[in-house]
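1. Please work out how this folds:
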Amino acid sequence: MAPIDRELAKKIKKRLGVGKSRFYQLLQDKVSQTHLERRLAAIVLASESGISIQKHASSEDLATIRGTNKPVPPPAPPAQSTALKKVIKIDDPLNIDLDTVSNKHLREILRRDISELNAARSQGYEKTPKTCMVLSGAIAEAMLLSALKRRKTAALKAGSTLPSKPPTDLDKWDLFEMVQVAICLSPPLLPADAETGADQLRRWRNLVHPGRELKDSKSKRIKPSAARARNAVAFLQFVADELQQ
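-> Here you go, the predicted structure:
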């Protein structure tokens, strides 16, 4: 999958007055609407925002975009057995590089979870919101764990400065602790605006517990939904892009 034009992404964020996290949410919405890959969806988003795309889009890009200027129905959902055996081909699969994950077992866990998340997405967020929300949180947590272990000494030192000190065993850290440390490392693994999205993702991932879902859906109106699922996947891609820089 071709990368997003960084200059174009910068123009979009400036024109719309949004940060990285919100930009990726808007981009994911455009991908879902047009069924274009992320690079082409960014061109559409720029054009709709009044940004000149002349230097950012080739004639082939424009031809592809014109051919998909109306939303099309998602592909028919695959059989469950097929979904669990291989990655289902969808219009915009998650673009996550696992080469930097040194732990073989953790890498296999990530491959499995990414495959299952893509399979769920292929069926539509309306049908699989909880699966997408929970798996997005699990994948983001596993990726951050791998990145922090590569800088374990610095991570533990940074963790000791937090108001609520996490355990000395990184495997016992929760997602929010990982994000806080990833932000305050020097150089940081994540930008400062990742904290809010990470807290949302943590809350959504916790819906895996039935008791938590019952409690939060009643008292906090937090429950699985297609909109939350899209945002969870968008934030996961945002974390993956930042960790790959």
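2. So the chain: which segments form each domain?
-> 6-67, 95-243 (automatic domain parsing).
3. So for the last one, mean pLDDT?
-> Along domain 95-243, the predicted local confidence has a mean pLDDT of 88.
4. And for the shortest one?
-> pLDDT averaged over domain 6-67 equals 85, rounded to a whole number.
5. circling back to that earlier point, got JSON lines for the domains of the chain, with mean neighbour count too?
-> (Glycine included, C-beta is placed from N, CA and C.) Formatted as JSON lines, these follow (neighbours: other Cβ atoms under 10 Å):
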{"stretch": "domain 6-67", "mean neighbour count": "17"}
{"stretch": "domain 95-243", "mean neighbour count": "18"}
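6. From Leu45, how far off is Ile12?
-> 6 Å (Cβ to Cβ, to the nearest Å).
7. Report the set of residues contacting both of those two.
-> Common contact partners of Ile12 and Leu45 (Cβ atoms under 8 Å, 6 or more residues apart in numbering): Leu26.
8. ok, now how distant is Lys104 from Ser146?
-> For Lys104 relative to Ser146 (Cβ to Cβ), the value is 11 Å.
9. Pro129 now?
-> On the measure of Cβ to Cβ, Pro129 and Ser146 end up 27 Å apart.
10. cool, Ser58 as well?
-> Taking Cβ to Cβ, one finds Ser58 at 36 Å from Ser146.
11. before we move on, what about Leu243?
-> 9 Å.
12. again, but for Ile43
-> 32 Å.
13. Also Asn206?
-> 21 Å.
14. Likewise for Ile53?
-> 36 Å.
15. Ile109 now?
-> Taking Cβ to Cβ as the measure, Ile109 falls 10 Å from Ser146.
16. do the same with Asp216
-> Asp216 is 29 Å from Ser146, by Cβ to Cβ.
17. Dihedrals phi and psi, the residue nearest to Glu141 when sequence neighbours are not counted?
-> Excluding its sequence neighbours, the residue lying closest to Glu141 (Cβ to Cβ, 6 or more residues apart in numbering) is Leu175, at 4.6 Å. Main-chain torsions, Leu175, degrees, to the nearest 10: phi -60, psi -40.
18. which ones are touching Leu175?
-> Applying Cβ under 8 Å, 6+ apart, the residues contacting Leu175 are Gly137, Ala140, Glu141, Leu144, Ala198, Leu201, Arg202, Arg205.
19. Can you show me the helices along this protein?
-> Along the chain, the segments classed as helices by DSSP state H run 6-16, 20-34, 38-48, 59-67, 80-85, 104-122, 129-150, 152-159, 175-184, 194-205, 210-219, 226-243.
20. Residue most distant from the centroid, this protein?
-> Distance from the centre of the chain peaks at Ser59, with 29.6 Å (Cα atoms, centre = their mean).
21. mind checking which of the helices of the chain is nearest Thr168?
-> helix 152-159 (6.3 Å; Cβ to Cβ).
22. counting contacts, what elements does the closest one pack onto?
-> Secondary-structure packing of helix 152-159 (3 or more Cβ pairs under 8 Å, 6 or more residues apart in numbering; DSSP states H and E): helix 175-184.
23. 10 Å - rerun?
-> With contacts taken as 3 or more Cβ pairs under 10 Å, 6 or more residues apart in numbering; DSSP states H and E, helix 152-159 sits against helix 129-150, helix 175-184.
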